[in-house]
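# 3D, please:
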Amino acid sequence: MVQEYCNYLFNLLMIISEGLSQLVETQQVVIVTLGGDAQFSCRLMEPRDVLQVTWQKETPGGNENVASYNKRFGPKVNPPFNMKVLFLNVGLQNCSVIIRGVSREDESCYKCLFNIYPDGAISGRTCLQVNELYGPTLLVTQINDTLPLFSGLTLSCSATGRPAPVVDLFLPVQLVLENSTTDNVAHPNGTVTVTIISIVAVPSLPYNDTMVRCLASSSYVIREGSIKIPTSLTGSTPPPVSNDGWIRSHGTVGGVMCLVVLIALICNIIWWLRKRSNAGTRCPTPCPRFPPELRIF
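Numbering: from 1, shown residues only. The predicted structure is shown next:
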């Protein structure tokens, strides 16, 4: 009987506590990148007679008072948080603070307690998650296969973060992937390096510089990297049509010019020979005229 009564009281206290917690509007989780600013806000859903608002940080040794506000003493930030924590909105019904330049040590859950007369304290709870994201880093290397007619490029994109970041490699539509793999490496400090390695065949590359993009994301934080693949790295030359068109046009012009010169030279030689032949058949003096009766037909 006593055990059942104790269980009843415990369940009743849990229901009352849950009901009081629902009177406080706050964020469940705040995600901030390492070095950024974290903002916490708490607001009472119903007007109450609040004497003081207190902010606490949950630690393994218990709750640690961070800051407080009341009408008599105003806002106060306790050491060692006074160099990082600021009040954004001061009030007994609605209160908010900000943590500047968050570090790993700031990752925890924080409570805002409204000390209400005569009900006591009701609280809201917000957990701070600190994300780390480094990169992305893009690398292009040339590979040569044992087959003499095959060569390719290895494209790798890597990013390091906590938790493990999502890495995506974006290639132009004209590039055809030969192979793609993803590798994850966990580090002792809790970060994870994610690397995407893709192999692209050189014959599929266009003959101008190609842009490759890589995106690394962690929660709502997105970072982008890009790199150009120069044609000199692929070892390929522009298609023969382009160069041949240039060579053919100049070769055709040169051939026509040579033909014109040759025709002109031949014409000059023929003219000179005819002139010389005509000069040899002429009489040095006027030719004698024969009487009509002596003409031989």
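# where does the spatially most central residue of the chain land on pLDDT?
Nearest to the geometric centre of the chain sits Glu224, at 1.7 Å (C-alpha atoms, centre = their mean). Glu224 carries a pLDDT score of 95 in this model.
# Could you shift the numbering so residue one becomes 18, and keep it that way?
In the new numbering, first residue 18, that becomes Glu241.
# what comes up buried for whichever strand or helix holds it?
Counting by DSSP states H and E, the element that carries Glu241 is strand 238-246. Buried residues in strand 238-246, defined by neighbour count with 16 or more other C-beta atoms under 10 Å: 238, 240, 242, 244, 246. (Each C-beta comes from the backbone N, C-alpha and C, glycine too.)
# Ser173 versus the residue nearest to the centre of the chain, what's the distance?
Shown here: Glu241 relative to Ser173, a distance of 16 Å by C-beta to C-beta, to the nearest Å.
# in the stretch 18-167 of the chain, which spans are helices?
For the stretch 18-167 of the chain, the helices defined by DSSP state H, counting those that start in this stretch cover 19-38.
# quick revisit: would you mind pulling up the elements that the strand holding Glu241 packs against?
In this structure, strand 238-246 makes packing contacts with strand 137-161, strand 168-179, strand 227-235, judged by 3 or more C-beta pairs under 8 Å, 6 or more residues apart in numbering; DSSP states H and E.
# low pLDDT regions in the stretch 18-167 of the chain?
By pLDDT under 70, the low-scoring segments of the stretch 18-167 of the chain are 18-38, 161-167.
# ok, now with 80
18-39, 160-167 (pLDDT under 80).
# swap in the stretch 168-314 of the chain?
Scanning the stretch 168-314 of the chain for pLDDT under 80 picks out 168-169, 189-193, 218-227, 246-279, 281-282, 284-285, 288-314.
# That one: strands as residue ranges?
Under the criterion DSSP state E, counting those that start in this stretch, the stretch 168-314 of the chain carries strands at the ranges 168-179, 183-187, 194-203, 209-218, 227-235, 238-246.
# Distance to Met100 for those strands - can I get that in TSV?
Output for the strands of the stretch 168-314 of the chain, formatted as TSV (distance: least, C-beta to C-beta, whole Å):
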stretch	distance to Met100
strand 168-179	24
strand 183-187	34
strand 194-203	33
strand 209-218	31
strand 227-235	27
strand 238-246	25
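# closest one to Trp289 among these?
Of all the strands of the stretch 168-314 of the chain, the one in closest proximity to Trp289, counting by C-beta to C-beta, is strand 168-179 (61.8 Å).
# partner strands of the closest one, parallel or antiparallel?
Taking DSSP bridges as the criterion, strand 168-179 pairs within the sheet with strand 137-161 (antiparallel), strand 209-218 (antiparallel).
# by how many degrees do it and strand 183-187 diverge?
Calculated by axes from the mean of the first three to the mean of the last three C-alpha atoms, to 10 degrees, strand 168-179 forms an angle of 150 degrees with strand 183-187.
# what comes up buried for strand 168-179?
Buried positions in strand 168-179, judged by neighbour count with 16+ other C-beta under 10 Å: 168-170, 172-179.
# Using the record's assignment, carve the protein into domains.
What automatic domain parsing lists as the domains of the chain is 19-148, 149-251.
# Run through who's touching stretch 233-248.
When contacts are defined by C-beta atoms under 8 Å, 6 or more residues apart in numbering, stretch 233-248 is touched by residues 48, 50, 146, 148-150, 152-155, 157, 170, 174, 176, 178, 180, 182-185, 211, 222, 224-232, 255.
# ignore the last one, stretch 183-191
Contacts made with stretch 183-191 from outside it, assessed by C-beta under 8 Å, 6+ apart, are listed as 153, 172, 174-176, 194, 197, 199, 211-213, 215, 217, 221-223, 227-235.
# how far out from the middle of the chain is it?
Its chain's C-alpha centre lies 10 Å from the corresponding centre of stretch 183-191 when counted by C-alpha atoms, centre = their mean, to the nearest Å.
# Can I get it in PDB? Just the C-alpha atoms.
What follows is the C-alpha trace of stretch 183-191 in PDB, where atoms were taken according to Å, rounded to 0.1, in the frame of the first residue of the first chain:
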ATOM      1  CA  VAL A 183      28.300  15.400 -45.800                       C
ATOM      2  CA  VAL A 184      30.600  15.800 -48.800                       C
ATOM      3  CA  ASP A 185      29.200  16.100 -52.400                       C
ATOM      4  CA  LEU A 186      31.300  16.400 -55.600                       C
ATOM      5  CA  PHE A 187      29.700  18.100 -58.500                       C
ATOM      6  CA  LEU A 188      31.000  17.600 -62.000                       C
ATOM      7  CA  PRO A 189      29.800  19.100 -65.400                       C
ATOM      8  CA  VAL A 190      27.400  17.000 -67.200                       C
ATOM      9  CA  GLN A 191      29.900  16.300 -70.000                       C
END
